[in-house]
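> no sequence on this one, just coordinates:
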Ligand SMILES: NC(=O)c1ccc[n+]([C@@H]2O[C@H](COP(=O)([O-])OP(=O)(O)OC[C@H]3O[C@@H](n4cnc5c(N)ncnc54)[C@H](O)[C@@H]3O)[C@@H](O)[C@H]2O)c1
């Protein structure tokens, strides 16, 4: 899939990952239309792109707006808008259904009506559920998510694959490990830093010591990986994992955060739920095989620890 000199619609363009992706797409001489309702995204995250003549921003809600005109003359649909809060699914099952599945369906319908050929979609490691194979490759199955969020993203993947076959479209879908870096607004780093700023002598940590083991990838590596994957793909529907080669526990993360803040708090583990998880729907072990993407030449510059350390420094400055 060519990512140069194309007209690209990016949903969720004011959010964490998509705002970085748009910057990269504009550097590659694409024309980008961005849609975001600023529910989680921020105008300040787009300060480097709002004045770019090749960028046009529409502030609107994808669940209710008329999408047909927005997808006119679009070559590629990059659908990044979503509600990515995994925890929410255990208390409100409708949010992910509406914001993730229905919004994706609406965009796919408007896309096919307008003859949009190519689709890029960020999916998630949570579609795998609790796997028996680690690192988990893209062809692992059965896919049995344990969160409504994971289920909603898997439903989106399935819808996209079926549209590709039914309406001669192409898609590249990415299953991300945990992405960290500038403009993130909700993750374990923000949680720890906020708590330590309130009380530097003790740190409440959700779960049972040493917490879940997961893989982390910096947003700069994530964006490079997406572009490398899209440009290399030859299949009508392609899936790439994007992560790093290692993983780390929540305790490892707490150690890095406290070291970077020059603090020595006492850790207070909550004990967690359902066998020590941080919250209902929290996968205990996640590391993705990234062999498919590295075999085409992409290599993450940072491992999980380096990505976490860099992200903590970026939040603290
Ligand atoms: N951050 C991660 O670690 C991670 C991991 C796996 C997958 N993903 C996926 O990547 C994508 C981006 O995630 P992110 O972390 O940047 O999230 P984010 O919340 O920062 O970005 C999502 C953006 O979508 C916008 N949005 C949400 N609902 C909307 C609606 N109805 N209409 C218009 N705009 C709407 C929000 O305002 C926000 O700017 C999501 O699809 C998410 O599922 C993220």
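Noted; the coordinates are in hand. Remember, it's a predicted structure, so these values are computed and weren't measured experimentally.
> Every contact and neighbour count from this point should use C-alpha atoms.
Fine.
> Report the residue ranges of every domain in this protein.
With domains defined by automatic domain parsing, the chain comprises 7-179+216-242, 181-215+246-286+302-316.
> near the ligand, anything from the longest one?
Yes - counting by Cα under 6 Å from any ligand atom, the ligand is contacted by domain 7-179+216-242 at 12-18, 36-41, 60-63, 80-84, 99, 122-124, 176-179.
> how about low-confidence regions in the stretch 201-317 of the chain?
Counting by pLDDT under 70, the stretch 201-317 of the chain has no low-confidence residues at all.
> Could I get the full set of strands for this protein?
For the chain, the strands defined by DSSP state E cover 7-11, 31-36, 55-59, 76-79, 118-124, 170-176, 178-180, 202-205, 213-214, 216-218, 237-242, 248-249, 266-269, 285-286.
> so how far is the ligand from residue 213?
As for residue 213, its distance to the ligand is 15 Å (criterion: Cα to the nearest ligand atom, to the nearest Å).
> Please apply the same query to residue 88.
From residue 88 across to the ligand, the span is 13 Å (Cα to the nearest ligand atom).
> Also residue 295?
22 Å.
> just residue 210 next, same as before
For residue 210, the distance to the ligand - Cα to the nearest ligand atom - is 21 Å.
> Next: residue 237.
Taking Cα to the nearest ligand atom as the measure, residue 237 and the ligand are separated by 18 Å.
> cool, residue 286 as well?
Taking Cα to the nearest ligand atom, one finds residue 286 at 12 Å from the ligand.
> Now that residue. Nearest residue, chain neighbours left out?
residue 214 (4.7 Å; Cα to Cα, 6 or more residues apart in numbering).
> what pairs with the one you found across the strands?
residue 248, residue 286 (DSSP bridges).
> what residues are up against it?
Counting by Cα atoms under 8 Å, 6 or more residues apart in numbering, residue 214 touches 177-178, 247-249, 284-287.
> give me the number of residues near the spatially closest residue to residue 207 that is not a sequence neighbour?
Leaving aside its sequence neighbours, residue 207 sits nearest to residue 272 (Cα to Cα, 6+ apart; 3.6 Å). A total of 17 residues lie near residue 272 under the criterion other Cα atoms under 10 Å.
> and residue 292, which of the domains of the chain is closest to it?
Among the domains of the chain, the nearest to residue 292 by Cα to Cα is domain 7-179+216-242 (6.8 Å).
> what residues are up against the closest residue to residue 6 other than its chain neighbours?
Using Cα to Cα, 6+ apart and skipping the chain neighbours, the partner closest in space to residue 6 is residue 30 (4.9 Å). Residue 30 makes contact with 3-8, 54 under the criterion Cα under 8 Å, 6+ apart.
> Now for the chain: which helix has the highest residue count?
Selection of the longest helix in the chain by residue count, based on DSSP state H, yields helix 148-167.
> still on that earlier bit, hmm, the residue nearest to residue 207 is touching residue 206, no?
Yes - under the criterion of Cα atoms under 8 Å, residue 272 makes contact with residue 206 at 5.7 Å.
> List only buried entries from the contacts of residue 30.
Buried members of these, scored by 16 or more other Cα atoms under 10 Å, are 3, 6-8.
> Of all the residues in stretch 43-53, which ones are buried?
Buried, per 16+ other Cα under 10 Å, within stretch 43-53: 45-46, 49.
> Out of those, list just those in helices.
Per DSSP H, these never map to helices.
> Closest to the ligand out of those residues?
Using Cα to the nearest ligand atom, residue 45 is the member of the buried residues of stretch 43-53 that lies nearest the ligand, at 9.0 Å.
> How about residue 268: which residues does it bridge to?
Note on residue 268: beta-bridge partners by DSSP bridges are residue 204.
> That one contacts residue 205, correct?
Yes - at 5.9 Å, residue 268 counts as touching residue 205 under the criterion of Cα under 8 Å.
> Looking at these two, which is more packed in?
More crowded of residue 268 and residue 205, by other Cα under 10 Å: residue 205, with 23 against 14.
> Who are the contact partners of residue 57?
33-36, 50.
> Which parts of the protein are helices?
16-27, 94-96, 103-113, 148-167, 188-198, 219-232, 250-260, 291-294, 304-316.
> Setting the sequence-adjacent residues aside, check what's closest to residue 237.
That would be residue 171: by Cα to Cα, 6+ apart, it lies 4.8 Å from residue 237.
> separation between the one you found and residue 271?
In this view, residue 171 and residue 271 are 41 Å apart by Cα to Cα, to the nearest Å.
> dump the residue contacts of the residue nearest to residue 148 when sequence neighbours are not counted.
Of all residues not flanking residue 148 in the chain, residue 89 sits nearest, at 5.1 Å (Cα to Cα, 6+ apart). Contact analysis of residue 89 by Cα under 8 Å, 6+ apart lists 95-96, 147-149, 281.
> Also residue 126?
So residue 126 contacts 145-147, 149-150, 283 (Cα under 8 Å, 6+ apart).
> One more pass at 10 Å, please.
Contact partners of residue 126, counting by Cα atoms under 10 Å, 6 or more residues apart in numbering, are 86, 143-154, 175-178, 281-283, 286.
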